[in-house]
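**Q** Mind folding the following:
(one chain, ligands or ions: 1)
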Amino acid sequence: MNLDPVHWHNGSLMILDQRLLPDEERWIEASDWKQVAEAISSMAVRGAPLIGVAAAYGLALADNDPVAKQGLASTRPTAVNLFHALDRVANSKDPLQEAHRISEEERAANEAIGNFGASLIEGNATVITICNTGSLATPGIGTALGIIRVLHRQGKLREAILCETRPRQQGLKLSAWECIQDSIPFRVIPDGAAAAFMKTHGAQFVVAGADRIARNGDTANKIGTYSLALAANAHKVPFAIAAPTSTIDPNTPTGEEIPIEERDPAELLEVAGHRVAPKGTPAWNPAFDVTPATLIDHIVTEQGAFSKPYDFGV
Ligand code: MRU
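**A** Take a look at the predicted model:
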């Protein structure tokens, strides 16, 4: 799939508005860092590496203004790529050049992650994943979905199983869209069906992305990843996290210290903008959960496939 959902064009940042997919491909043309910050908080652009890339260009648009750095940093708290990218641009002499470099590094990292990940899996594999970790979440082929792409290229993929990913449905809307474009065989399941799928159909591998990997390997990723890891462990299906090293945070010792974003309960209480819960329904809507390192069999980065126990100390 040849998609560049965040790219520089004629002095502006072009951002594909993912809130409208799969029905409409509309682009936001951002010429100001505030537009970029708004695109990140409203999730027009999302996925940890792509958030980092967008923020890097946003700070470049502001020519490294510290107020802009602060504003961009306060958009989403969990994905550490955001903070790593902002620090890199802030410390560079040529902000735009640094933003281009970050984007290119992420693209290259994905290819390596795809190859390392695919080498862990035998042929004719059914692989379960969650959220969208593909070309809409990062420059290039993606991380967890990148591994699925490489398996497909190598003729080793039987079927990708995409968890719907409530409440924003990144699996149902975005990963399904990518799989259709690339003719990758797939089916969507409700998040709650993952354990039943493993029991009734069997699966060879489960792989998810990450928003922040703590020093000890505990990993924050889309809400539902922890349940998926528990189900995989109970059914003895290998469970892996795939992420670039820009998602590792050596300054966060364990998952306990990872800030978890909580979003508007309306995301849960409404479907396609219509309230479906009774008026006054209370809700808890965390965007991420933390999977303990003990449940993670492999962490695949562009540097290779690591096994537990993990220590990503500097
Ligand atoms: O809230 P989102 O859609 O930004 O969450 C995305 C995820 O949880 C992804 O798994 C993660 O950012 C990795 S994307 C390569």
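**Q** Please count neighbours and contacts with C-alpha atoms only from this point.
**A** Noted.
**Q** Can you show me the strands along the stretch 1-150 of the chain?
**A** Secondary structure of the stretch 1-150 of the chain (DSSP state E, counting those that start in this stretch): strands at 6-9, 12-16, 27-30, 125-129.
**Q** Residue numbers of the protein in contact with the ligand?
**A** For the chain, the contact set with the ligand under C-alpha under 6 Å from any ligand atom comprises 46-49, 131-133, 137-138, 142-143, 209-211, 221-222.
**Q** distance between the ends of stretch 279-297?
**A** 43 Å (C-alpha to C-alpha, to the nearest Å).
**Q** neighbour-wise, which of the residues of the chain next to the ligand leads?
**A** The most crowded member of the residues of the chain next to the ligand, judged by other C-alpha atoms under 10 Å, is Thr143 (37 neighbours).
**Q** Verify the contact between that one and Asn115 for me.
**A** No - counting by C-alpha atoms under 8 Å, Thr143 does not reach Asn115; the two are 10.3 Å apart.
**Q** Check what contacts stretch 188-204 and list those residues.
**A** Stretch 188-204 is contacted from outside by 121, 125-128, 161-166, 171-172, 176, 224, 228, 231-232, 235, 237-238, using C-alpha atoms under 8 Å, 6 or more residues apart in numbering.
**Q** try it again with 6 Å
**A** Stretch 188-204 is contacted by residues Ala125, Thr126, Ile161, Leu162, Cys163, Glu164, Ala231 when judged by C-alpha atoms under 6 Å, 6 or more residues apart in numbering.
**Q** And stretch 171-179, by the same measure?
**A** Contacts to stretch 171-179, defined as C-alpha under 6 Å, 6+ apart, come from residues Cys131, Asn132, Leu162, Cys163, Glu164, Thr165.
**Q** On the three-state scheme, Thr281 is what?
**A** Put simply, Thr281 is coil when judged by DSSP: H, G, I helix; E, B strand; the rest coil.
**Q** Pull the residues that contact stretch 102-112.
**A** So stretch 102-112 is contacted by Val53, Pro139, Gly140, Gly142, Thr143, Glu302 (C-alpha under 6 Å, 6+ apart).
**Q** Need these in a markdown table (columns: pLDDT).
**A** As requested, those are exported to a markdown table (pLDDT from 0 to 100):
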| residue | pLDDT |
| --- | --- |
| Val53 | 98 |
| Pro139 | 96 |
| Gly140 | 95 |
| Gly142 | 98 |
| Thr143 | 98 |
| Glu302 | 98 |
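**Q** re the thing from before, of the contacts of stretch 188-204, buried ones?
**A** Buried members of the contacts of stretch 188-204, scored by 16 or more other C-alpha atoms under 10 Å, are Ala125, Thr126, Ile161, Leu162, Cys163, Glu164, Ala231.
**Q** Let's see which of the contacts of stretch 188-204 end up in helices.
**A** Counting by DSSP state H, the contacts of stretch 188-204 place Ala231 in helices.
**Q** Could you work out the most separated pair of the contacts of stretch 188-204?
**A** Ala125 and Glu164 (19.8 Å; C-alpha to C-alpha).
**Q** circling back to that earlier point, mind putting the strands of the stretch 1-150 of the chain in a markdown table, mean pLDDT included?
**A** What follows is these, written out as a markdown table (pLDDT from 0 to 100):
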| stretch | mean pLDDT |
| --- | --- |
| strand 6-9 | 98 |
| strand 12-16 | 98 |
| strand 27-30 | 98 |
| strand 125-129 | 98 |
